[in-house]
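Student: Need a 3D model of the following:
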Amino acid sequence: MKNIILSTITIIAISVCSLHAEDAEIQDEAALLRQEIQKQELVLQALKEKLVTLEAKNIFEVSITSEGLSTQGNPISFNELEKQLRELLDDATILIRAEATVSYKEVVSVMRLCTTAGKNVAIATVKAEQDGAGQRR
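Tutor: Numbers count the residues shown, from 1 in each chain. Coordinates of the predicted model:
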């Protein structure tokens with residue numbers, strides 16, 4: 001009887017040790033997976049930042065308002081615009097934003113300048129602001 005009890009205790013002890021070892025292996029594997037996920041998240045974040053930078057470099061915005069031309073929010077002359085367009089990457093897309101009060105002729109002249117420089121063109125319209133009297137500016 002004593003041998004049976006010792007055998008049973010031994011089997012239980014081996015089982016507990018085995019379960020404990022499996023639990024430690026699972027914890028180690030989980031830690032490795034967490035580390036790999038963190039590494040991949042860093043890589044993904046770096047790739048996202050690079051994509052945003054590339055996309056930002058590839059879109060060049062030209063605004064046409066009643067006050068004149070501007071690029072990226074800075075006023076610019078027609079000649080300066082032509083120079084900047086020629087310096088852009090070949091696959092750059094030009095986004096032209098024009099107030100509703102701007103003449104079609106002005107928009108077409110900017111479009112022609114862009115296509116002459118070999119760039120893709122996209123157009124967006126912007127509502128003109130109204131003053132207190134309801135007049136468009």
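
Student: residue nearest the centroid of the protein?
Tutor: Val52 (3.5 Å; C-alpha atoms, centre = their mean).

Student: So that residue lies in a helix, does it not?
Tutor: Yes - remark: Val52 belongs to a helix, assigned using DSSP: H, G, I helix; E, B strand; the rest coil.

Student: mind listing the helices for the chain?
Tutor: 2-58, 78-87, 104-116 (DSSP state H).

Student: Show the average pLDDT along the first one.
Tutor: Spelled out, it's helix 2-58. On average, the pLDDT along helix 2-58 is 73.

Student: same thing with stretch 101-117?
Tutor: 90.

Student: neighbouring contacts of it?
Tutor: Residues from elsewhere that reach stretch 101-117 (C-beta atoms under 8 Å, 6 or more residues apart in numbering): 62, 64-66, 69, 78, 81-82, 85-86, 88, 94, 96, 98, 121, 123, 128, 136-137. Quick note: C-beta positions are derived from backbone N, CA and C, even for glycine.
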